[in-house]
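Participant: Take a look and give me a structure for this.
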Amino acid sequence: MNNYIAFEISEFQKKLNGYNMLFNYRMTNLCVKVEPTALMPVTVILANAEYNLEEVADIIKVDDFSIDVYPKNQNNLQQVIDGIFDVHPEFKMELKTDKAETEGGEDKHHAFYTMPEVNKDRRDLLNDLTKTFHKECQVNLDATYAELQVRLVEPYTKMSPAEIDEARQGFENVFNKAKEMCDKLLQLKQNEIEEGYQRYLTEDNDQYDESDADNGMEISHDAEIEALFS
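Facilitator: Numbering: from 1, shown residues only. Okay, here's the model as predicted:
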């Protein structure tokens, strides 16, 4: 393959991968499950200096929907909480205390975070944002491909028909794979959002079941009755 074309294909691929990486990063900050990258923007101010969260706290994933955040210095717990709140005010936070394991030892205080529940309103909002980010990614991919094709008109005049066909096929393959990845990322996030919504419905129904059981009430599953409240 022509060295110039090989270089252009490599650069083209880097640009398209960059758009997909940005798309994915934006979606990880639409938190349904715990996403380590969602904490990357968090900074903590200590003594007029700014630190990344991982520099001043230990982050422990409890499960897919919750994390423990331990300040490396117990005196900095509030600043750590403030830093996370500035970036993710939607996280549900509880203060926790781990009792000292030995007599005379110090209790450890930390923040326990739960990802926000995906009720119907939040599901709709997340899906709308995800589609918006997906559209922006698609526009960037298409625009970059169109710009490339215009820019290559002159170089193609210096190449043989076989080289031109090979070059065009190479660019098209890169473009199609990037488009497929963009669509795949969208589908994965939509699946995650729906999973979170179904989890919310299950937990909500469990709460109703417990409440109704306590009150001695029986839940009706009649379709016509349920339709009145849908």
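Participant: what's the residue nearest the centre of the chain sitting at in phi/psi?
Facilitator: Within the chain, one residue has its C-alpha closest to the average C-alpha position: by CA atoms, centre = their mean, that is T28, at 1.0 Å. Its backbone dihedrals place T28 at phi -70, psi -20, with angles given as degrees, to the nearest 10.
Participant: quick one, what contacts it?
Facilitator: By CB atoms under 8 Å, 6 or more residues apart in numbering, the residues touching T28 are E35, T37, A38. Placement of C-beta: from N, CA and C, glycine included.
Participant: which SS state does the last one fall under?
Facilitator: Reduced to three states with DSSP: H, G, I helix; E, B strand; the rest coil, the structure at A38 is helix.
Participant: coming back round to it: now the residue nearest to the centre of the chain: how far from K158?
Facilitator: Distance, T28 to K158, by CB to CB, to the nearest Å: 44 Å.
Participant: now R151
Facilitator: When distances are taken as CB to CB, R151 and K158 turn out to be 14 Å apart.
Participant: Distance check, K72 against N24.
Facilitator: The value you get for K72 to N24, if CB to CB is used, is 29 Å.
Participant: which of those two has more neighbours?
Facilitator: Counting neighbours by other CB atoms under 10 Å for K72 and for N24 shows that N24 has the greater number, 17 against 11.
Participant: so the closest residue to the more buried one other than its chain neighbours is in which element?
Facilitator: Residue nearest to N24 in three dimensions, not counting chain neighbours: L185, with 5.4 Å by CB to CB, 6 or more residues apart in numbering. When elements are defined using DSSP states H and E, L185 is found to belong to helix 161-214.
Participant: which secondary structure elements does that helix contact?
Facilitator: For helix 161-214, the helices and strands in contact under the criterion 3 or more CB pairs under 8 Å, 6 or more residues apart in numbering; DSSP states H and E are helix 3-28, helix 120-151.
Participant: Just send those helices back as a markdown table, with mean pLDDT too.
Facilitator: Shown next, in a markdown table, are the helices and strands packed on helix 161-214 (pLDDT from 0 to 100):
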| stretch | mean pLDDT |
| --- | --- |
| helix 3-28 | 94 |
| helix 120-151 | 97 |
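Participant: quick one: which of those helices is nearest I67?
Facilitator: Proximity to I67, assessed across the helices and strands packed on helix 161-214 by CB to CB, is greatest for helix 3-28 (13.9 Å).
Participant: where's V34 relative to P116, distance?
Facilitator: 12 Å.
Participant: mind saving the C-alpha coords of stretch 54-69 as CSV?
Facilitator: Once side chains and other backbone atoms are set aside, the C-alpha atoms of stretch 54-69 remain, and they are given as CSV (Å, rounded to 0.1, in the frame of the first residue of the first chain):
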residue,chain,number,x,y,z
GLU,A,54,-7.5,8.5,43.8
GLU,A,55,-4.7,10.5,45.3
VAL,A,56,-6.5,11.3,48.5
ALA,A,57,-9.0,8.4,48.8
ASP,A,58,-9.3,4.6,48.4
ILE,A,59,-12.3,3.6,46.2
ILE,A,60,-13.8,0.1,46.8
LYS,A,61,-16.4,-1.3,44.5
VAL,A,62,-19.0,-3.0,46.8
ASP,A,63,-21.2,-4.3,43.9
ASP,A,64,-22.4,-3.1,40.5
PHE,A,65,-24.4,-0.3,42.1
SER,A,66,-22.4,0.9,45.1
ILE,A,67,-19.0,1.9,46.2
ASP,A,68,-17.2,2.8,49.5
VAL,A,69,-14.9,5.8,49.5
